[in-house]
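S.K.: fold the stuff below for me.
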Amino acid sequence: MEKLKPRAVIFDLGSTLIEYESIPCSELSVIASRSVWSFLTDKGFKVPPEEEFIDTFEYIKNEFRKPARENLTEWSIPQAAERLLAEFGIESQDGLVKKLFQAYYRPVAEQIYAYDDTAETLERVKRRGMVVGLISNTIFPEQTHRDELKKFKLHKFFDFAIFSSTFGVRKPHPDIFCAAANMAGSAPAECVYVGDRYVEDYRGPTEVGMPAVLKIVRYREYPQDLLGEIPTINSLSELTNYIDI
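M.R.: Coordinates of the predicted model:
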């Protein structure tokens, strides 16, 4: 097969460049909610007992997730935290929502890491003169992820980055891929997208005419009948099988 020679390579973030799910996502969500409860109780706020608090926070997050699934509009943890405070009659003042997010994010930050071949792969793409971009579905504020990229010394490789919490819609919405192609200064067909979820990171870009490579991760479910028909990799270093880098 002739290798692709795109003008731009656009990457997903979580489970593609950085591992966020060392702890299963559902479990980590509860741990993060517990961290918020601990923060509020330590500060003397009157909140329900731990389990009731966590159940309420998880319920609120699920209420935000429903429209996100249905129409691909994005939400954020700070939005959910603000509603949580209102639920318990606590005034949102003196940067309290921001402090709640920091408490929520702390256990997340403790377990994330960049894959061993992330920096090397990005550098190879960059050396070939290709535009390097990023599209990330996230319920965290954009600055959180920009700080992560700096922490792992990955920020220097990117020409642009789009985060759904800022952009307003999430993958696989076509607008986010078209916006990325526009920022890359190329047509979608001149780009390649790399990510780990079939619907969001393969079907989404290909439906706007953007070729894609699907990174297979062990805890993700994929349509088995299609895996032999589409470009797949098990690690970023295998991108050389499909892209001329």
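
S.K.: what's around the nearest residue to H155 once chain neighbours are set aside, how many residues?
M.R.: Nearest residue to H155, sequence neighbours excluded (Cβ to Cβ, 6 or more residues apart in numbering): L149, at 4.0 Å. For every residue, glycine as well, the C-beta is placed using N, CA and C. Using other Cβ atoms under 10 Å, L149 has 19 neighbouring residues.

S.K.: list the contacts for L149?
M.R.: H155, F158, A161 (Cβ atoms under 8 Å, 6 or more residues apart in numbering).

S.K.: C-terminal to the helix or strand hosting it, what's the next element?
M.R.: Per DSSP states H and E: L149 is located in helix 142-151. Remark: after helix 142-151, the chain's next helix or strand is strand 160-163, criterion DSSP H and E.

S.K.: show me what that next one is packed against.
M.R.: Here strand 160-163 touches strand 131-136, helix 142-151, helix 174-184, going by 3 or more Cβ pairs under 8 Å, 6 or more residues apart in numbering; DSSP states H and E.

S.K.: if you set the cut-off to 10 Å instead, what comes out?
M.R.: strand 8-11, strand 131-136, helix 142-151, helix 174-184 (3 or more Cβ pairs under 10 Å, 6 or more residues apart in numbering; DSSP states H and E).

S.K.: output the contacts of L149 in a markdown table; the columns should cover pLDDT.
M.R.: Supplementary listing: those in a markdown table, determined by pLDDT from 0 to 100:
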| residue | pLDDT |
| --- | --- |
| H155 | 98 |
| F158 | 98 |
| A161 | 98 |
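
S.K.: neighbour-wise, which one of these leads?
M.R.: A161 leads the contacts of L149 on contacts (other Cβ under 10 Å) with 21 neighbours.

S.K.: hmm, that residue is touching M183, no?
M.R.: Yes. Counting by Cβ atoms under 10 Å, A161 touches M183, with 9.0 Å between them.

S.K.: common neighbours of those two, please.
M.R.: I10, G133, I135 (Cβ atoms under 10 Å, 6 or more residues apart in numbering).
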